[in-house]
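Visitor: Got a sequence here, can you model it:
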Amino acid sequence: MSGDAVSLAYDYPVLGAFWTIMWIFLWVMWIFLIFRVIVDLFRDDDLSGWAKTGWLIFVLVLPFLGVFVYLIARGRGMGKREQEHARAQLESTNRYIRETVGATGPVSEAEQLAHLSEVRARGDLTDEEFRRAKEKILHA
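Guide: Numbers count the residues shown, from 1 in each chain. I've put the predicted structure just below:
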């Protein structure tokens, strides 16, 4: 063993598996970070189209340097932009829910009676049918 270089990963297979998992984890995190920077670039309304293009080229051509410079220069605002986007999404969802529930929600007795009167005025209901439907609405 005096002249041979010994690699611990080959002597201990568990250590080799650990290093492999660690490198895979680091690459997944790196790819996630690149996508996060690109999404933040396109989400930012303060940057012009030329500035977004410049940052995108910088991040794609020199990824390590581009991402690290972007994080140093604009990293502070990334969290704020993410929060604004989440807040806008929540407001949009809440507005949609309110509109949907409002359109299909329970109809009040007054609305039901007004609709019943319109149907009677068109001649689609007889006086007896109108009376029975009105009693059914009022006693329900």
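Visitor: other SSEs contacting the top helix by length along the chain?
Guide: Counting residues, the longest helix found in the chain (DSSP state H) is helix 63-104. Helix 63-104 sits against helix 13-43, helix 49-61, with contacts defined as 3 or more CB pairs under 8 Å, 6 or more residues apart in numbering; DSSP states H and E. In short, each C-beta sits where N, CA and C put it, glycine included.
Visitor: List the buried residues of the shortest one.
Guide: Okay, so that is helix 49-61. Residues of helix 49-61 classed as buried: 55-56, 59 (neighbour count, 16 or more other CB atoms under 10 Å).
Visitor: go on, the longest one?
Guide: Under the neighbour-count criterion of 16+ other CB under 10 Å, helix 13-43 has 34, 37-38, 40-41 buried.
Visitor: Of these, just say which sits nearest to residue 16.
Guide: Comparing these against residue 16 with CB to CB places residue 34 closest, at 27.4 Å.
Visitor: So that closest one sits against residue 59, correct?
Guide: Yes - using CB atoms under 8 Å, residue 34 is in contact with residue 59, at 6.8 Å.
Visitor: what touches both of those two?
Guide: The contact sets of residue 34 and residue 59 overlap at residue 67 (CB atoms under 8 Å, 6 or more residues apart in numbering).
Visitor: Just give the closest residue to residue 133, not the sequence neighbours.
Guide: What sits nearest to residue 133 in space, not counting adjacent residues and going by CB to CB, 6 or more residues apart in numbering, is residue 116, at 5.5 Å.
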